[in-house]
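Engineer: quick one, structure for this:
(one chain, ligands or ions: 1)
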Amino acid sequence: MKLKNPPVNSLSLEMLTELVINLEKLENDKAVRGLVLTSEYPGIFSAGLDLMEMCGRNPAHYAEYWKALQEFWLKLYQSSLVVVAAINGASPAGGCLMSLICDYRILADNPKYTIGLNETLLGIVAPFWFKDTMVNTIGHRASERALQLGLLFPPAEALQVGLVDQVVPEDKLQSTALSVMAQWLAIPDHARQLTKTMMRKPTVDHLVKQRDADIQNFVSFVSRDSIQKSLQMYLQKLRQKKS
Ligand SMILES: CCCCCCCCCCCC/C=C/CC(=O)SCCNC(=O)CCNC(=O)[C@H](O)C(C)(C)COP(=O)(O)OP(=O)(O)OC[C@H]1O[C@@H](n2cnc3c(N)ncnc32)[C@H](O)[C@@H]1OP(=O)(O)O
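Structural biologist: You can find the predicted model right below:
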């Protein structure tokens, strides 16, 4: 599955909705057992959540957006398919989250392709289920440091901390993803799927139990004037970077 939402594959409401529909289709197709997630645009895997969905909108929109993000996370995290992320570009915040919910992550070796949950740099806070997903991957101490500092790791550091499973030359990314997929598909589906469910259930239950409260938290947090100002300033900085 190729992410395709120019210019930076930000996770807009429309993109999240399409991703969920496509995932459902693949899950229901008996001929499909695995999925490689990559970007149509080498250089950018995904810029994460679409900041335009979080700026200057009304509470009903924020609630709808957050619910769609939760839905996407729940679908992909619980997918019965083998999901391999072939990360061919920068992967900040929601882009990193999307990689973390796959079963295996391969990052192309390019110093520009940084990955991490950098929310604090925007003056916002990674919600508990982003944090849980990261802790499940790299452990508590490394997550605490990475989350507080909003670290974006270049490939060698991402590998060292365990945020990705493999770093490979850019031209070997897709072939490596296919050989990793073959290795995972050699395991009987039912045994692998039950194991995945068992490993992920506590994290899934944590969100499912608090879904509505989490939406309310997001809506009231993002509606604050101070948060709106931080997000606007961040967007301005991104735009000024060009000039
Ligand atoms: C008690 C505690 C209570 C806690 C309650 C918690 C409640 C929840 C809190 C809220 C949590 C919200 C979580 C958010 C997670 C996120 O994902 S936020 C998004 C973070 N993303 C980023 O920081 C990435 C920003 N982008 C970049 O760094 C770069 O764009 C790039 C490296 C991806 C690509 O660089 P480059 O190729 O040079 O492109 P640019 O010129 O920078 O960008 C082109 C174009 O795209 C726009 N853009 C970039 N990113 C985004 C984005 N994420 N959303 C929307 N738009 C984006 C950028 O502004 C440019 O636009 P223009 O062409 O200038 O118009």
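Engineer: the nearest residue to residue 10 once chain neighbours are set aside: neighbour count?
Structural biologist: Nearest residue to residue 10, sequence neighbours excluded (Cβ to Cβ, 6 or more residues apart in numbering): residue 50, at 3.9 Å. Yep, even glycine has a C-beta here, placed from its N, CA and C like the rest. When counting by other Cβ atoms under 10 Å, one arrives at 21 neighbours for residue 50.
Engineer: which residues are in contact with the residue most central in space within the chain?
Structural biologist: By Cα atoms, centre = their mean, the mean C-alpha position of the chain lies nearest to residue 98, the distance being 1.8 Å. By Cβ atoms under 8 Å, 6 or more residues apart in numbering, the contact set of residue 98 is 11, 37, 45, 46, 76, 85, 91.
Engineer: contact residues of the protein facing the ligand?
Structural biologist: On the criterion Cβ under 6 Å from any ligand atom, the ligand has as its neighbours in the chain the residues 7-8, 10, 44, 47-52, 90, 92-94, 118-119, 122, 124-125, 127, 217-218, 221-222, 235, 238-239, 241-242.
Engineer: quick one: the biggest helix by length in the chain to chain centroid distance?
Structural biologist: Identified as the longest helix of the chain according to DSSP state H is helix 189-209. Relative to its chain's centre, helix 189-209 lies at 18 Å (Cα atoms, centre = their mean, to the nearest Å).
Engineer: buried residues in the helix or strand following it?
Structural biologist: Going down the chain from helix 189-209, the next helix or strand is helix 211-223, by DSSP states H and E. For helix 211-223, the neighbour count (16 or more other Cβ atoms under 10 Å) marks 214, 215, 218, 219, 222 as buried.
Engineer: a markdown table for these, including pLDDT?
Structural biologist: Below are the buried residues of helix 211-223 laid out as a markdown table (pLDDT from 0 to 100):
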| residue | pLDDT |
| --- | --- |
| 214 | 98 |
| 215 | 98 |
| 218 | 97 |
| 219 | 98 |
| 222 | 96 |
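Engineer: relative to residue 135, which of the residues you listed is nearest.
Structural biologist: Of all the buried residues of helix 211-223, residue 135 sits closest to residue 214, with 16.8 Å by Cβ to Cβ.
Engineer: the closest one touches residue 74, doesn't it?
Structural biologist: No - here residue 214 does not reach residue 74: they are 11.7 Å apart, not a contact under Cβ atoms under 8 Å.
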